[in-house]
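[1] okay, predicted coordinates and the sequence, questions at the end:
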Amino acid sequence: MAVLLTDRLEFPNPCHVATPDGLVAVGGDLSVERLMLAYQSGIFPWSAQPVTWWSPDPRAVFEFDRLHFPRTLQRTVKQSVILEENEPLGEAAFGAGFGVTFNRAFRQVIEGCATRRTEGNWISLPFIEAYTRLHEAGHAHSVECWRAGELAGGVYGVAVVGLFAAESMFYRASNASKTALWFLLLRLRERGFALVDIQMLTETTRRLGATPLSRKAYIQRLEHAVNLPVTFVGK
């Protein structure tokens, strides 16, 4: 049975209280501290008024050795260029590829995700504000794809030591969101992240190689991931 949260900064063990559909708790707020504790506990929010907290079983994850990106996307990736932190976005297109940046336009990415025309889009203004604060605190990150100086797509998520919780992605040009996801996963693998959470499977992520993981196995791997000496940015 889901728990009603108080002002205390704590969460119940999702393995003990989650409902069959994964609801763990109701209430609390979207403060940086509570959000970080939620992710460290294997829980994420999915509505803002009131805040609901979830831990589905099974959970969906990306395993680095099971990724499957189609050849058309691989061609786009090969024509894409990672832009340095202060490098101009430029006005020219990159062939069929994109200019790729990290944390250059977090707010624009989450707002792009919020305006997607999909059922059950949970990214309301309180979420945008909360995750922007999380980004400003150094915990939430984005990958952007640019074409001719315009934002073409991106993905954002939350890094908790060796866990990366990919929250949502959007596109305005074909393959832009998948290219952003490609470069996100590349960075996570290179930096030694151990767990890439995408919450639940969709048809798109399934085609890219996402797989289900039981809640118990997820929590076990999470305990390992949050003790790794890795970071999303910096050395």
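    Thanks, I have the structure now. Numbering: from 1, shown residues only.

[2] go ahead and name everything in contact with the helix or strand encompassing residue 165.
    Residue 165 is part of strand 163-171, with elements assigned from DSSP states H and E. Outside strand 163-171, the residues within contact range by CB atoms under 8 Å, 6 or more residues apart in numbering are 39, 44, 62, 109-110, 112-113, 115-116, 123, 131, 145, 152-159, 177-178, 180-181, 184, 188, 193-199, 222, 225-226, 232. Just so you know, the C-beta spots here come from the backbone N, C-alpha and C atoms, and that holds for glycine as well.

[3] make a PyMOL selection of the buried ones in these.
    Only the buried members of those end up in this PyMOL selection, burial being decided by 16 or more other CB atoms under 10 Å:
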select buried, resi 39+44+62+109+110+112+113+123+131+145+152+153+154+155+156+157+158+159+177+178+180+181+184+188+193+194+195+196+197+198+199+222+225+226+232
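
[4] restricted to helices, list the contacts of strand 163-171.
    39, 109-110, 112-113, 131, 177-178, 180-181, 184, 188, 222, 225 (DSSP state H).

[5] of the residues you listed, closest to residue 96?
    Nearest to residue 96 among the ones in helices among the contacts of strand 163-171: residue 178, at 12.9 Å, using CB to CB.

[6] what's the separation between the residue nearest the centre of the chain and residue 116?
    In the chain, the C-alpha nearest the mean C-alpha coordinate belongs to residue 166, at 1.6 Å (CA atoms, centre = their mean). In this structure, residue 166 and residue 116 are 15 Å apart, going by CB to CB, to the nearest Å.

[7] show me what the longest strand along the chain is packed against.
    In the chain, ranked by residue count with DSSP state E as the criterion, the top strand is strand 150-160. Using 3 or more CB pairs under 8 Å, 6 or more residues apart in numbering; DSSP states H and E as the contact test, the elements touching strand 150-160 are helix 32-40, helix 106-114, helix 125-136, strand 140-147, strand 163-171, helix 176-191.

[8] so for residue 75, which of the ones you listed sits nearest?
    Closest among the helices and strands packed on strand 150-160, using CB to CB: helix 176-191, at 10.5 Å.

[9] could you say what helices and strands that closest one packs with?
    helix 71-78, strand 99-102, strand 140-147, strand 150-160, strand 163-171.

[10] deepest in the core, which of these is it.
    strand 140-147 (a mean of 26; mean count of other CB atoms under 10 Å).

[11] sheet partners, orientation included, of it?
    Note on strand 140-147: by DSSP bridges, its sheet partners are strand 99-102 (antiparallel), strand 150-160 (antiparallel).

[12] so which of those comes closest to residue 28?
    Taking the strands paired with strand 140-147 one by one with CB to CB, strand 150-160 is closest: 16.6 Å.

[13] and the angle for the closest one with strand 163-171?
    Relative orientation of strand 150-160 versus strand 163-171 (axes from the mean of the first three to the mean of the last three CA atoms, to 10 degrees): 160 degrees.
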